[in-house]
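Peer 1: Return a 3D structure for these sequence lines:
(4 chains)
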Protein chains: 4
Amino acid sequence: MSSTQVPSIPDLIPRIREFVDHELIPLEPAFLKNAQALEPALHQLRGRVKELGLWGLALPADLGGHALRLTDFALVSEELGRTPIGHFVFGCQAPDIGNLELLHLHATAEQRTKFLEPLAAGLTRSCFAMTEPESAGSNPTALTTRAVREGDEYVINGHKWFASSADGASFAIIMAVTNPEAATHQRATMLIAPTDQPGWKFVRNISVMGEAHGGYFSHAEIRLENLRVPVANRLGAEGEGFKLAQQRLGPGRIHHCMRWIGLCARAQEELCRRAVAREISPGVKLADTQIAQMWIAENAADIACSRALALQVAARAEADGFKAAREDISIIKFQVAGALQRVLDRALQAHGALGMTDDTIIAWAFRHERAARIYDGPDEVHKLSVARQILKRFGRS
Amino acid sequence: MSSTQVPSIPDLIPRIREFVDHELIPLEPAFLKNAQALEPALHQLRGRVKELGLWGLALPADLGGHALRLTDFALVSEELGRTPIGHFVFGCQAPDIGNLELLHLHATAEQRTKFLEPLAAGLTRSCFAMTEPESAGSNPTALTTRAVREGDEYVINGHKWFASSADGASFAIIMAVTNPEAATHQRATMLIAPTDQPGWKFVRNISVMGEAHGGYFSHAEIRLENLRVPVANRLGAEGEGFKLAQQRLGPGRIHHCMRWIGLCARAQEELCRRAVAREISPGVKLADTQIAQMWIAENAADIACSRALALQVAARAEADGFKAAREDISIIKFQVAGALQRVLDRALQAHGALGMTDDTIIAWAFRHERAARIYDGPDEVHKLSVARQILKRFGRS
Amino acid sequence: MSSTQVPSIPDLIPRIREFVDHELIPLEPAFLKNAQALEPALHQLRGRVKELGLWGLALPADLGGHALRLTDFALVSEELGRTPIGHFVFGCQAPDIGNLELLHLHATAEQRTKFLEPLAAGLTRSCFAMTEPESAGSNPTALTTRAVREGDEYVINGHKWFASSADGASFAIIMAVTNPEAATHQRATMLIAPTDQPGWKFVRNISVMGEAHGGYFSHAEIRLENLRVPVANRLGAEGEGFKLAQQRLGPGRIHHCMRWIGLCARAQEELCRRAVAREISPGVKLADTQIAQMWIAENAADIACSRALALQVAARAEADGFKAAREDISIIKFQVAGALQRVLDRALQAHGALGMTDDTIIAWAFRHERAARIYDGPDEVHKLSVARQILKRFGRS
Amino acid sequence: MSSTQVPSIPDLIPRIREFVDHELIPLEPAFLKNAQALEPALHQLRGRVKELGLWGLALPADLGGHALRLTDFALVSEELGRTPIGHFVFGCQAPDIGNLELLHLHATAEQRTKFLEPLAAGLTRSCFAMTEPESAGSNPTALTTRAVREGDEYVINGHKWFASSADGASFAIIMAVTNPEAATHQRATMLIAPTDQPGWKFVRNISVMGEAHGGYFSHAEIRLENLRVPVANRLGAEGEGFKLAQQRLGPGRIHHCMRWIGLCARAQEELCRRAVAREISPGVKLADTQIAQMWIAENAADIACSRALALQVAARAEADGFKAAREDISIIKFQVAGALQRVLDRALQAHGALGMTDDTIIAWAFRHERAARIYDGPDEVHKLSVARQILKRFGRS
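Peer 2: The predicted structure follows:
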C-alpha cells in the first residue's frame, strides 16, 4: 500500500504540480459553470489520487495517510492552492481537514469508528458549526447556542451560519454553550451531531457573492431546534470547546495561508501569460509596458514575503507548538490575506474586461477570496491581538 | 402633462430619494436573487415614474424629457446610483442613455422615428457594440471589425463582446472600420443594426463575476457574420465613429462617476447602520470602535472629494464643452472608480461574514463594480492620458 | 492708498504668481541655507509688496487690508503656498494671521493699539502658546498651564512647546486654565503676554527635522514661571479660551489646506520640469516613461480633488459659518495633508538622489510638511471627530 | 587575540545588543546635535569594541576579523542598525565595508598594504565615487567620467556626487570609463585614488535633508580634473568596473536591508514605549487605543515579513552565490525599503509633535532613510528588473 512509501517533498511537489496542471486546472471552466455538478467527477479523481499514493498527505499513518510534517504539508498546500479544487481532490479540504485533526486528537474509540474513519477515507463529508449570525464571529465567547444536558443527551438550540459544506455533510461538529456560568473560555463544548436528526434544520445555502451553490461548495444557515445529541458524541470534556477550537484554528490558518499563496502564484502565472500574449498596440505586448512590469514585481514581492514568513512560522509552530507561535500565526493570517487581495486585484486589472469574466479563474478568486480577510478571524481582530501581545512586553497589562 | 412643469433640483432630489428608498431598495433582494426575472416589475415601476413626471430627466424636451443640465442631472444620477436598479427605472440607464444622446445629436429623421423615439419612450432597448475581445479596449483605433460597402448596404464582419444589454435589445450601434487606410482616428464608422437580422449572431451572455444573467442585466458576446446594414442606418458620416464615440463617452463618464458616488453613499449608509446596530461585546457597538470610525471617516473623505471634483468637472464641461474638460474627465474617471473600490471594501469588511453574502447590496457592488476601474477606459489609460496632456504644457511634444 | 483699490481675483492671482516666481522662488536656495539669515531680506520684500498694494490681503480694511473673502483668499493662499516664504512676505503667515483674526474680533481698544495694529503693519511678530509637551495636543481640555488671578494680574505657570515663531515675537497669546472647576470646555482663557517679562523663560528653539533655526522660522519651548499678565491683557472673557481657539483654528485649517495645495502644485511643477529635462537612457526622457506618467497623473488627481473640496468647504464656511462647516473642515484637514504627503513623496522619488538634497525645495517640504498630518489636530483626531458626527445622524448618541 | 575565539551568534547577539543599548543609544542626542563633532568619541568606542573582541565581524580572519557568514552577519547588522552609529563603531559601515570586500577580493599585494590593511584596522576611511549628477545613477553604463591612460598613469576627468564620506577619506575607489568603445558593461574600470592629489577637487558636502554635516557623516560632490592615478592603483582588470560594482552591490544590499530592519525594530520599540507611557485622556494610554494597536500590528507584519525574506535571501546568496540570488536581492531591496518607510511613518505619527523633533531618533530616520528607496538602485529600477527576469520564464525575450 502506498502509505508505506512515504514520499519525499522534492519528489512529491513536481508530481502534485503535474496532477494539478493536467487533471485539475482543465476542469476549472466546468467548476466555474456549476461547482456542485462537478462534485462526482472530483470524487472520481480522488480515486486517481489514491492510486498514485497521494491521498491524505496530512493524515496520520494509522488512518492511511503520509503524516507529512506541517512544514512539508505547507509546500503541498501551496501547490494544491493553485486551483480551487485542489484540496478537495487530495482529501485535505477545509472544513474536513480541521475536523479530522480534532477527531484524531480527541475522538473516543466509538467516535473514531463512526465519524473519523469514514471521513479520513473520503467516504463522508462533515461540517463545523460555530459561527452565528447574531454574535460577532470574532468572539467565540459570545456564543448564544445552548446545549442543555438531559440524561444521556444534550439538547441543542441555536442558530448557525457559514457552516461551510453542511449541505451533504454526514455530521457536524457543533460549538454550544454547556456551562454558561463558567469562566468565559470554559463555557462551550463541542458536540458531534449527525445531520439526519429532526432538530437539525437546514435553512438554506447562503448566497455568497452571487452564488449559493450546493454540496461541498456551499455555506449553510442552520437552525438547531431541540437537536438531541448523545453524550457519547461529545468531543473532549465539557467546557473544552474553546480550547479545541483554538487547536483547530492554529494549523487551519497556516493551511489557509499556504493555499492563498498558491492562489497568488497562480494569479501571477495568469498575469504573466496574459502579458506576454496580449498585444496592446502594434508590436507592443502588455509585458513590454512598465505598468505591467510594476504589477508583476509587486506581486512577486507580496508572494515572496508571504511565503518566507509563512514557512518560517510553520517551522516555529512545528518546533515549539501552536501556542508559542500564536502571535506569528495572527501576523501571517492578516499579512497573507492582504497580499492575496492585492495580487488578485493586480491580476484582474491586467486582464482588463476579461478579468471580470469567468473565462479565467481570476474573477472567482477575487470575489470569493475576499473572505480571506474575514473568516478565521478578521484582519482587525488579529491585528489587535498581535499588538496587545507586543505591548505586554513593554509593560502594558 | 407633467413634463411641462420642469421641476427644480431642490424639489426633485427629495422626491427621487423617497422613490428610491421606498420603491426600489425594497426590491433589491429580488434583484439579487434573479435580476432578469425582476425586469417586468421594473417596467411597471417606469409607469409610476412617468406618472410622477420623473421620466427621462436627462432627455431633451422634444422627446418628452426635462432636459436637465449636466450639473443637475449629476445630482439626480447620484441619487439613482444608490441602488443598482435606479437608472433603469428612471429611463436613464447605460447603454441606452449614451445611445439616446448620440441619436439625438446625429440621427436622421428616419433614424429618429425608427430608433430614437421608441427608445426614449422606454419601449425598446439598445446596445453599443464597440469592445472586441481580440483588441485592447482602450485603443479604439485597433478595431478589427470591418464594414464593407456593397451598394446601399454595409456588410459587417467582426467579433464583439461586453455589448451590455444586447440580450433583448432591438438594435445595436456598431463601431466598425470602414476606411482602413484613413488616419487612425478616421477609420471607424457607427452603424445602427437591428438585432433581428441573420448576420447578428448572439454567442452568449458572458458570465461576469459568476453571473451571466440575461435581458437588460447582461453583457453579450456577439459575432457579426456578413451582417447587412442599410447605408441609411449610418450614424453620422463615414469615418466619424471615433469622434462620435468620444462625444458619447464624455458625458457617460460623468454619469458613471455620479452613479458611483451614489453607490459609495449607499455603502456608507449601510456601514453606519450596521455599526450602530451591531454589538461586538457586551454594551459595545461596532460604531463605538476606533476602527469602524476610521473607516467611516475615510469613506466620508473619499466621497466628499469625489463629489466636489465631479460636480466641478460637470460644471466645466457644461460651460466649456467636453473637449475642454477632457483631462478633468479622465481624472474623475479613475479617481472616483478608485474611491468606489476603497469605500466598498471598507463597507464589506465592516459587515464581516454578512458582507460576503447577498443579504446586503455590498457584495454585489464589490464584485460587479470592480469593473469601474476597467470599462470606459481602464485607470492606466486615463492616467497616461492625463500625464501626457500635463507634460505637453511643460514642453514635451 | 492701495487698499482703496480692491483688486479682483482674476487680476490679483497672476500678479501674485509673477511676484512669487520672480522675487521669491529665486531666494529659496538662500532660504534653505539659512532661513533666519534671510529674514531681513524678506522684510525688505514686504516693502515691495506694500508698494504694489498687495499687503494684508486678508486683513480688514480698517487695518489697511483688502478684506478678501475666504474663498478669494483661498486662491491667494494657494499661490503663496508655492514657496515656503510666500505667506511671510505678503503678511499673512501663521501664526500671526490667526492672532490677527482673533485680535480683530476680540481685542479691546487698548489691545488693538498695543498689539493688533503694529502686528497688522508687519512691525512686530507674535506667537501662540497653546501646545504642551506633557498633554495631548489634540485635547485642549487637558491643558496643565495655570493662570491664577492675583489682583489686577494673572500669574501664569506652565510649560509650552511648538510655540511657532516665539523667537523674536513681541507678544504671545497664551492658553491657560483659569477656571479648573468649570465644565471642560470653559476652563481656559487666552492672555496676551509680552515676551520681555521675566516669567517668560525661553528654553530653546526645538530642533525639528534636524533644524532649530531661529527668528520667524522656529518652534520654541517656553517655560512660564510666575509670568505676570495684567487682566487688561485678557482676550475675551474668562473661560472663553477654548471657544476662541476654535474660532482661530477653523479658518486656519482652510488656510493651511490651500497653502498645502500650492505646495503640491509646486512639487508637481518641479516633477514635470525634471521629467522633461532628465535623460534616463539615450533619447529617452523620464517624462517618456509610464512610471513617471503614473506619478504625474496621481498627483494631478490628488491636487484636483483637494482643491475642489477645499474651495467648496471654504464657500460653505463663508456662507454658513465655521461651525456649520466643522465636519467638512476636518475632512479637508486630513485629506489635503494626506494628499500633500503623497504628492511630495512622488516628486521626491522622481528626482532620485537630487530629491534628497537641498538643491530643490522638495526635500524641505518632505521633511517639514510631514507635520501637516499632526499640527492643528492629527489625522486621527479629525477622523474620529468626523465619524462621530456622521454616526450621530444614524442614531448613535 | 580576539579573532581566534570566533564567537557564536547566540552568544554574540546579546553582547552586541547590550553594547548598542548602553554605549551607543545614549549618544544619539549628541549625534543628532552634531554628528561630525561626535566622530572622535566614536573612534574611542571602536577601541572598546576591539577590546571586547567584536571588531570587524565581517572581515576575513587574515585582516583580524571574524569572517562571519553572510547569514550570521545579517543578524549582527540588524542589531547594529538599531542606531545610526552602530555600524561605524563596529567597523562595518558603508561605504568602507563594501570597499573592504572589493579590496579583499581584488587588491594586489601593494594595494593591500597601502589601502586595505589600514582601512580594515579602522585607521583610515575611504569612499566610493560612482554616482554622477548628470547621468542616471541607476544606469552605470551611462557614466561620463573618463580615465585616459598616459604611460603609467590614468588621467581622470569627471564629476561625481553622493560620494558618501569622501570628506576625510584617505582614498576613493573611482568608477571611470576607460574603454568607451567596448560593450556597454565592459567600458568602466575601478581606480584607487588617494584624495590628497591636486586633481581631486572637493566641491562641497551636499546638503541632504537640511544637513551637510562633514567627516564620515557626509555626502560629497567632487570634480575630477586631470586627476592622475598610477596604473598600479587599478583594481582588477580594465573594463571590469561594472562586474566589480555588481559584486560590491549584492552583499551591500543585503547589509542595508538588515540594517533597515534593525531601524524598523528600533522605531517599533520607540512607538511601543511611547504608547505605554503617553496618557491621552484621564486613565487612557495611547497603547489602549485601537489606532495605536493597528499601527503596532502593521509594523510587526512589515518587520516580520522583511526579516523572514531577507534572511532567506541571505541564505540563498550564501549557498548559491549572489548572481543566483540577484532577483531575490532586488525584491528585498525595494520590499524592505518600503517597509522601512511605512514603519517610520507610523512611528512618527504615534509620537505626534514629538515625532517631528530631534528629541527622538525617529525624525532623523524618517528624513534620511527616505533615501533607502533611491540609493543602490531606486525601487522602480529593481521592480522593472525583477519583472523582466520573471517574464523571461514566460517566454518574453
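
Peer 1: doesn't A:Val203 fall inside a helix?
Peer 2: No. A:Val203 is assigned strand when assessed by DSSP: H, G, I helix; E, B strand; the rest coil, not a helix.

Peer 1: what's in contact with stretch A:136-151?
Peer 2: Applying C-beta atoms under 8 Å, 6 or more residues apart in numbering or on different chains, the contact partners of stretch A:136-151 are A:130-132, A:134-135, A:154-160, A:162, A:174-178, A:180, A:184-185, A:187-189, A:191, A:224, A:229, A:231, A:242, A:245, A:375, A:377-378, A:381, B:278-281, B:352-353. For the C-beta atoms, the positions are set from N, CA and C on the backbone; glycine is no exception.

Peer 1: Kindly apply the preceding question to stretch A:263-276 instead.
Peer 2: Identification of contacts with stretch A:263-276 by C-beta under 8 Å, 6+ apart yields A:78, A:81-84, A:285-287, A:292, A:295-296, A:299-300, A:302-303, A:306, A:339-340, A:343-344, A:346-347, A:350-351, A:354, A:360-362, A:365, A:369, D:390-391, D:393-396.

Peer 1: Now intersect the contacts of stretch A:136-151 with the helices, please.
Peer 2: Counting by DSSP state H, those place A:Phe242, A:Ala245, A:Val381, B:Ala353 in helices.

Peer 1: which among those are in contact with chain C?
Peer 2: Cross-checking the ones in helices among the contacts of stretch A:136-151 against chain C (C-beta under 8 Å from any C-beta of the partner chain) gives no overlapping residues.

Peer 1: for those, which one is nearest chain D?
Peer 2: Closest approach to chain D among those (C-beta to the nearest C-beta): A:Val381, at 10.4 Å.

Peer 1: about what we covered before: could you turn the buried ones of the contacts of stretch A:263-276 into a PyMOL selection?
Peer 2: Listed next is the PyMOL selection for buried residues among these, using 16 or more other C-beta atoms under 10 Å in any protein chain shown:
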select buried, (chain A and resi 78+81+82+83+84+285+286+287+292+295+296+299+300+302+303+306+339+340+343+344+346+347+350+351+354+360+361+362+365+369) or (chain D and resi 390+391+394)
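
Peer 1: residues of stretch A:243-251 that come out buried?
Peer 2: Neighbour counts using 16+ other C-beta under 10 Å place A:Leu244, A:Ala245, A:Gln247, A:Arg248, A:Leu249, A:Gly250, A:Pro251 of stretch A:243-251 among the buried residues.

Peer 1: Determine the three-state secondary structure at the third one.
Peer 2: In this case it means A:Gln247. Assignment for A:Gln247 (three-state DSSP): helix.

Peer 1: close enough to count as contact, it and A:Gly321?
Peer 2: No. With contact defined as C-beta atoms under 8 Å, A:Gln247 does not reach A:Gly321; the gap is 10.3 Å.

Peer 1: Distance of the residue sitting furthest away from the middle of chain A relative to A:Pro118?
Peer 2: Going by C-alpha atoms, centre = their mean, the residue of chain A most distant from its centre is A:Pro282, 44.5 Å out. The spacing between A:Pro282 and A:Pro118, counted by C-beta to C-beta, to the nearest Å, is 61 Å.

Peer 1: Next: A:Ala310.
Peer 2: 32 Å.

Peer 1: What residues does the stretch 151-300 of chain A have near chain C?
Peer 2: Taking C-beta under 8 Å from any C-beta as the contact definition, the stretch 151-300 of chain A meets chain C at A:Thr289, A:Gln290, A:Ile291, A:Met294.

Peer 1: Give me the neighbour count for the second one.
Peer 2: A count of nearby residues for A:Gln290, using other C-beta atoms under 10 Å in any protein chain shown, gives 17.

Peer 1: So for the residue most central in space within chain A, what's the pLDDT?
Peer 2: By C-alpha atoms, centre = their mean, chain A has its centre lying nearest to A:Ala94, at 4.0 Å. Confidence at A:Ala94, expressed as pLDDT, is 95.
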